[in-house]
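K.L.:
sharing a model that was predicted from the sequence below.
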Amino acid sequence: MPELPEVESVRLGLEKHLIGGQILSFHQLHPRALSDLSLTPLHHLENFTISAVKRRGKYLWFEFAQPESPLDITLLCHLGMSGQFRIISLPEMSSRKDSEAKDLQFFGDLNVKHPRAVARVSNKGTRSLLIFNDQRTFGWLRVDQLVDGYPQSMSHIAPDLFDPDFNEAEFIKKVRASKSEAKRVLLDQHRISGIGNIYADESLWRAKIHPMKPASQLSSNQWRTLLQAAREVLEKAISAGGTSFDSLYVNVNGESGYFENSLQVYGRENTECARCARLITRIKFTNRSSHLCPHCQRYQQA
């Protein structure tokens, strides 16, 4: 967590509020907020104008219409386990004098929990705070260089199912020569990005495929069915704003996603399968669990 639907929901919220906004100041509040691989400190993004917010898999990044620079700079972000972006409007000011100090005093009075970085953004006559929170501090920000439209340091991340660069035929050809299990393939961000434990379980249930089934034993048609199932699950989750089991994931306005209400197997151990009314079970899978219907997803099922 968060997976592709949660990150896409955050991206849509950021895009709605920030495109065309100019960064007035950017402050790092925690030593782990900024990746060690960052090209520059966050305050070097001051006066940059946000032109786009993009995503691949579980990563998102800000593009800028920036001042003169020898590099095409971007801000790459990964939410880790509990990273959040919040946007909070700043009060109007009668004078610009000492505006940064007053804005930061306003931020301090909010008593935000676990703030790791904060930017002041001006957009179309209004000002707001862009706050990066992260309770568990596994998320990070990184000033990076754009190369061929993508942050350089995420070049190893595979396209996701909604990416125009995703080649389904080539993907199926490669995974059918793999020794990995079907679920392990779905979780491998070097093969296909954005899918984690929740949406892998949901996609496999929808496609009637056992998570431990060897990828090589699935036909090309079964793989196409599984990928289409994953697309449908992810699209429904995006429409619902993602899945929120607790307060660790919220959108930029603080709202939770409600796809939890549509989950068919994940977290539903010992409840009835919506297809066959048999009980959902949970099995060990590497260092995590898999939820499935043992009747609908029989291991030997063709």
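P.N.:
Perfect, I can see it now.
K.L.:
pLDDT of stretch 152-169, averaged?
P.N.:
Mean per-residue pLDDT for stretch 152-169: 96.
K.L.:
quick check: beta-bridge partners of Ile131?
P.N.:
Beta bridges link Ile131 to Arg86, Val118, judged by DSSP bridges.
K.L.:
ok, it - contacts?
P.N.:
Residues counted as contacts of Ile131 (Cβ atoms under 8 Å, 6 or more residues apart in numbering) are Phe85, Arg86, Ile87, Ile88, Phe107, Val112, Pro115, Ala117, Val118. Quick note: C-beta positions are derived from backbone N, CA and C, even for glycine.
K.L.:
got the phi/psi numbers for the fifth one?
P.N.:
According to degrees, to the nearest 10, the main-chain angles of Phe107 amount to phi -60, psi -40.
K.L.:
Gly80 against Asp134, yeah?
P.N.:
Yes: look at Gly80 against Asp134 with Cβ atoms under 8 Å: they come within range, at 6.5 Å.
K.L.:
so between the two, which is more surrounded?
P.N.:
Asp134 (23 against 18; other Cβ atoms under 10 Å).
K.L.:
for this structure, longest helix please?
P.N.:
Scanning the chain for the helix with the most residues, using DSSP state H, yields helix 220-239.
K.L.:
can you map out the strands along the stretch 1-150 of the chain?
P.N.:
Taking DSSP state E, counting those that start in this stretch to define them, one finds strands in the stretch 1-150 of the chain at 22-28, 49-56, 59-65, 73-78, 83-89, 115-123, 126-134, 140-147, 150-151.
K.L.:
quick check: which of those is nearest to Leu248?
P.N.:
strand 83-89 (7.7 Å; Cβ to Cβ).
K.L.:
CA atoms of the closest one as CSV?
P.N.:
Extracted in CSV, the C-alpha atoms of strand 83-89 (Å, rounded to 0.1, in the frame of the first residue of the first chain):
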residue,chain,number,x,y,z
GLY,A,83,3.0,8.6,2.4
GLN,A,84,0.3,11.2,1.8
PHE,A,85,0.0,14.5,0.0
ARG,A,86,-2.4,17.0,1.5
ILE,A,87,-3.4,20.3,-0.1
ILE,A,88,-4.6,23.0,2.3
SER,A,89,-5.7,26.5,1.3
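K.L.:
that strand - contacts with which helices or strands?
P.N.:
Judged by 3 or more Cβ pairs under 8 Å, 6 or more residues apart in numbering; DSSP states H and E, the packing partners of strand 83-89 are helix 4-18, strand 126-134.
K.L.:
tilt between that strand and strand 126-134?
P.N.:
Strand 83-89 and strand 126-134 are oriented at 160 degrees to each other (axes from the mean of the first three to the mean of the last three Cα atoms, to 10 degrees).
K.L.:
tell me the buried residues in strand 83-89?
P.N.:
Going by neighbour count (16 or more other Cβ atoms under 10 Å), the buried part of strand 83-89 is Gly83, Gln84, Phe85, Arg86, Ile87, Ile88.
K.L.:
one more: stretch 237-254?
P.N.:
Buried residues in stretch 237-254, counted by 16+ other Cβ under 10 Å: Ala237, Ile238, Ala240, Gly241, Gly242, Thr243, Ser244, Leu248, Tyr249, Val250, Asn251, Val252.
K.L.:
most widely separated two among those residues?
P.N.:
Among those, Ile238 and Leu248 lie farthest apart (Cβ to Cβ), at 18.5 Å.
K.L.:
was I right to think Gln264 contacts Ser203?
P.N.:
No: judged on Cβ under 8 Å, Gln264 makes no contact with Ser203 at a distance of 10.2 Å.
K.L.:
those two: which has the busier surroundings?
P.N.:
Higher neighbour count among Gln264 and Ser203: Ser203, with 26 against 19, using other Cβ under 10 Å.
K.L.:
just the element for the more buried one, please.
P.N.:
Per DSSP states H and E: Ser203 is located in helix 197-207.
K.L.:
which non-adjacent residue is nearest Arg298?
P.N.:
His210 (6.6 Å; Cβ to Cβ, 6 or more residues apart in numbering).
K.L.:
burial count for the closest residue to His156 other than its chain neighbours?
P.N.:
Distances taken as Cβ to Cβ, 6+ apart put His190 closest to His156, at 6.2 Å, once the chain neighbours are dropped. Look at His190: counted by other Cβ under 10 Å, it has 8 neighbours.
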